[in-house]
Structure formats: C-alpha cells, structure tokens
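[1] With the input below, show me the fold.
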Amino acid sequence: MAKVVESIDRFNSSVRTLLILLLLIAFSTVSYYGYSIYHEKEIALAAKDKEIEEKNVKIGELEDEIDQLALRLKLLKIDRRVARMKVLSQAKPEGAERVQTVLQFVELDQHGTPLSQPQKFTIDGEMVYINGKVVKFADELVEAADPLRSASICLLQKIYGEHQTPAQGFAIDKSGERPEVYGVHEKPTEFEQKLWENFWEIANDPDKAQQYGVRSANEESPGMKVKQGKQYEIEIRSSGGLTIKVLPNEVET
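    Purely as a prediction, here's the structure:
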C-alpha cells in the first residue's frame, strides 16, 4: 500500500512539474508575442531606418560614381587656347587680283598670356588656314589628368590663305621642336623630345603610339573666312583637334 501511495505521489509530482513547464512555455510564448505586438511599430521603424541607411549608402556610392564620370567628361571637353589672331586690314591692293588680309598672330600659354611678340602675316585671300601637327592621347590618360598627357597637344606650323599652298605658308613653330606652351619642365623631357622628333614614326606605328599613350597623330588645317576688325582664337580640345572661333568685339588682343 505504501508503495502505491509513493508511486501516486511521484506521478503527481511529475504531472505538476510538466504543468509548470507547460505554463512557463505558454507564458513565454504569450510574452514574446505580446512584446512583439506591443513593440511592432518600433521594430518596423527600426527595420525601415536600417533600409533607409543602406539605400543612403548606395546613393552616396552612385553620387561618387556620377561625380567621377562628370569630371571625366569635363576633362574630355576642356578647350585650351593656343593662339589668337586679329584682322588688321582686308583690301585689294592696286593692281592686285585678290583681297589681301593682314593678320596679327600670337601664340598663347595655358593662361591666355602671349608667349612672344605678335607676328604680322599678309594672307592671299579671305580664307585663313592654320596648319598644325596634333597629338591626341588615350581617353584614360585625359580622364586621369596625366601631367603631360591630359590634353591633346599641337605643334603649329604654317598659316596661309585660300590661294596659297601649305608649302607657301608662313612658318609659326620650328619643325621638330617642342612649343613653349607645353614646357611643363625647365628643360624638355625625353618624352617630349621624342614625341616631336619622331612624330610621323609614331603616327605610322600602332605599337609605338600605344607605348606613348597616343590615340592618334596627324596634321590638321582648320580654316576660317575672316572679317576685318574681328579677332579669332585657335583652341584645342582635350580629346579633340584644332578649332577656330570668333571672339566678342570687346576682347582685347
């Protein structure tokens, strides 16, 4: 009999323990869901804040990429002044068949300052052509603002009129020498010297051109039908070639 009572007590104890455990589990579950429901807004808000923060980080990264792209595009579009000319007179001399144009011409540095005293040229005709050797560098060098190769460069050679051949034109820069405007060092570097001395060799050798970072090397001769009293600027774009544009009348030479 005593063993039976002891067994019943032991069973009841186990049942009570199980019930207590079940109650604890139920209480924990109810508490968790109650906490979740009570703090549902706070939890959702925290999740939203985290999502917004992650999106802001991505936006910041995209803005950096956009800024870099904008800078690269800007570098590719930069125009550099290389020379300026002013039409001093334009008339047909007595006994002449055509109009003669007298020009004042001066090369400029990167700040627009004259490199030397202006030169005077008498051109046969009204159309003026500027002939120069142009070196265009690889876009990645321009984008990276390479100290020497961040912009196309040119060696101005001749200026002539519509009724003259380039060979009859007036010499501007000395052939095979580096223009002063591109002298970023006190003395020409080996790179600069070789570039101008071996211009046509580089132009005709893709491997050598790649070695120098050159995209293309060729001669260009933009022309402009000029008018008396007008001033014109010769420019070169970072990734492009020579252009001639008219200046406002109030600009002083």
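
[2] okay, CA-based contacts and neighbour counts for the rest of this
    Fine.

[3] Next up, phi/psi of N131, please.
    The phi/psi pair for N131 (degrees, to the nearest 10) reads phi -100, psi 130.

[4] check contacts around it.
    L156, Q157, K158, I159, P166, E219, E220, S221, P222 (C-alpha atoms under 8 Å, 6 or more residues apart in numbering).

[5] V87 too?
    By C-alpha under 8 Å, 6+ apart, the residues touching V87 are T101, V102, L103, Q104, V226, K227, Q228, G229, K230, Q231.

[6] Please identify the helix or strand for it.
    strand 79-91 (DSSP states H and E).

[7] after that strand comes which helix or strand?
    Following strand 79-91 in sequence, per DSSP H and E, is strand 100-107.

[8] what's the average pLDDT for that next one?
    Strand 100-107 carries an average pLDDT of 92.

[9] Partner strands of it, with direction?
    The pairing partners recorded for strand 100-107 under DSSP bridges are strand 79-91 (antiparallel), strand 119-124 (antiparallel).

[10] residues making contact with that strand?
    Under C-alpha under 8 Å, 6+ apart, the answer for strand 100-107 is 82-93, 114-126.

[11] Could you export it as PDB, CA atoms only?
    In PDB, the C-alpha atoms belonging to strand 100-107 read as follows (Å, rounded to 0.1, in the frame of the first residue of the first chain):
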ATOM      1  CA  GLN A 100      44.900  90.700 -99.200                       C
ATOM      2  CA  THR A 101      44.300  90.000 -95.500                       C
ATOM      3  CA  VAL A 102      46.800  91.400 -92.900                       C
ATOM      4  CA  LEU A 103      46.800  89.500 -89.700                       C
ATOM      5  CA  GLN A 104      48.300  89.900 -86.200                       C
ATOM      6  CA  PHE A 105      49.100  86.500 -84.800                       C
ATOM      7  CA  VAL A 106      50.400  85.500 -81.400                       C
ATOM      8  CA  GLU A 107      50.700  82.100 -79.600                       C
END
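
[12] Residue ranges of each domain in the chain, please.
    Domain assignment for the chain, taken from automatic domain parsing, gives 2-72, 80-246.

[13] Pick out the shakiest of those, pLDDT-wise.
    domain 2-72 (a mean of 62).

[14] Can you verify K194 is assigned to a strand?
    No - using DSSP: H, G, I helix; E, B strand; the rest coil, the assignment for K194 is helix, not a strand.

[15] Quick check: the gap between it and D207.
    15 Å (C-alpha to C-alpha, to the nearest Å).

[16] Give the buried residues for the strand holding V87.
    For strand 79-91, burial by neighbour count (16 or more other C-alpha atoms under 10 Å) applies to D79, R80, R81, V82, A83, R84, M85, K86, V87, L88, S89, Q90.

[17] Going by contacts, tell me the helices and strands next to the strand or helix carrying Q211.
    Using DSSP H and E, Q211 sits within helix 206-212. Counting contacts by 3 or more C-alpha pairs under 8 Å, 6 or more residues apart in numbering; DSSP states H and E, helix 206-212 packs against helix 199-203.

[18] redo that, cut-off 10 Å
    If you count contacts as 3 or more C-alpha pairs under 10 Å, 6 or more residues apart in numbering; DSSP states H and E, helix 206-212 packs onto strand 127-137, helix 190-197, helix 199-203, strand 214-220.

[19] which parts of it are buried?
    Those would be A209, Y212, for helix 206-212 by 16+ other C-alpha under 10 Å.
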